[in-house]
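Enquirer: A structural model of the following input is requested.
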Amino acid sequence: MLRWTGISKSSYYYKRSTGRRGRLPSTHTNLLDGSTIGNNSVVIAIKFMLGMEFSDYGYRIMTSYLRLEGFIINAKKVYRLMGEQGLLYNSKIQVHSANRKFVQYYTQQADAPMQQLCMDIKYLYIHGAGRNALLLTVLDVYSRKILGQLLGWRMRKEQVRWLLSQVLQKQPANGITLRNDNGSQFIANMVRDYLKDQGVSQEFTHVATPEENAFIEAYHSIVERTIERRYQFESIYDAGLVMYRWKEHYNDRRLHGSLGKKTPQQVWDDYYVGFDPLRQPSAAKPEAGQICRK
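Expert: This is a model prediction of the structure:
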């Protein structure tokens with residue numbers, strides 16, 4: 001029959017095997033101290049970390065945390081375990097004026113802290129009041145550190161100016177570029193004149209192009225995933241307490257994938273290692289290699 005069909009003996013199987021072919025997945029995980037635990041204990045550790053306030057880790061960041069806790073484990077195994085337990089999440093994120101300086105480069109690039117900043121306002125729903133509050137955030141592009149945030153029922157130009165003054169009085173303002181959209185608070189003469197007096201170059205994104213302010217938009221998606229989907233605020237006071245804790249967690253404890261799995265504060269501090277604390281960051285360098293809108 002094999003000679004008649006032209007099939008070699010080595011390719012013929014009397015009965016087709018069932019089940020998954022190849023090496024079976026491991027059932028245990030090694031620890032740095034030389035001991036071994038079952039994968040169910042690894043899952044318990046993963047669930048414990050995901051149960052912590054503000055935890056929204058994907059499998060890559062979770063792998064780094066497990067390794068810090070003494071697990072000898074790779075990302076592929078963490079992905080399998082989290083997938084089996086349903087612990088993975090979908091990481092997809094879902095007016096013109098001649099006097100304004102619109103952005104020239106599609107994406108901001110910075111090689112030091114306090115060179116490139118971004119600012120925007122996000123709605124934060126307060127369930128107890130049945131209405132949205134407004135969250136204003138100023139972010140450092142180099143380190144992704146939250147430099148300032150303000151929550152209120154309204155966000156006027158006076159409040160924007162106040163928050164910027166709190167940020168700039170703590171850090172030297174030489175060579176800073178601040179990117180924002182065309183919100184009425186940001187185009188107000190009070191805000192623009194203040195930034196000009198402080199030596200800050202303010203640039204505006206083009207209309208209907210939030211991708212030009214990608215860093216603050218990405219941060220807002222993290223806030224939506226980590227805060228809005230998990231909390232129902234009874235009052236703006238309660239929301240303010242959570243956002244205060246969130247700022248400390250985000251800056252000091254949350255590992256950031258695009259920062260080499262470091263926290264924003266670590267990246268900020270690493271830059272200044274060996275430098276005078278009063279040293280001013282160098283002026284922004286030409287943004288070579290950037291994509292120009294024009």
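Enquirer: and for G58, the neighbour number?
Expert: 17 (other C-beta atoms under 10 Å). Any C-beta I mention is one placed from the backbone N, CA and C, and that applies to glycine too.
Enquirer: show me the shaky parts of this structure.
Expert: 13-22, 89-98, 172-173, 274-294 (pLDDT under 70).
Enquirer: recalculate using a threshold of 50.
Expert: Residue ranges of the chain with pLDDT under 50: 91-96, 98, 279-294.
Enquirer: find the centremost residue of it, please.
Expert: Here the mean C-alpha position of the chain is nearest to the C-alpha of Y219 (C-alpha atoms, centre = their mean), at a distance of 4.9 Å.
Enquirer: how about the strands in the stretch 51-200 of the chain?
Expert: Per DSSP state E, counting those that start in this stretch, the stretch 51-200 of the chain carries strands over the ranges 71-72, 116-126, 131-140, 146-152, 177-180.
Enquirer: among those, which comes closest to Y59?
Expert: strand 71-72 (13.2 Å; C-beta to C-beta).
Enquirer: contact partners for the closest residue to the residue nearest to the centre of the chain other than its chain neighbours?
Expert: Excluding the flanking residues, the one nearest Y219 by C-beta to C-beta, 6 or more residues apart in numbering is L139, at 5.8 Å. By C-beta atoms under 8 Å, 6 or more residues apart in numbering, L139 lies in contact with 117-119, 145-147, 215-216, 219.
Enquirer: which of those sits closest to G34?
Expert: Among the contacts of L139, and counting by C-beta to C-beta, the member closest to G34 is K145, at 38.4 Å.
Enquirer: next one: M119 from T205, what distance?
Expert: Going from M119 to T205 by C-beta to C-beta, to the nearest Å gives 11 Å.
Enquirer: remind me, longest helix of this protein?
Expert: Taking DSSP state H as the criterion, the chain has its longest helix at helix 236-252.
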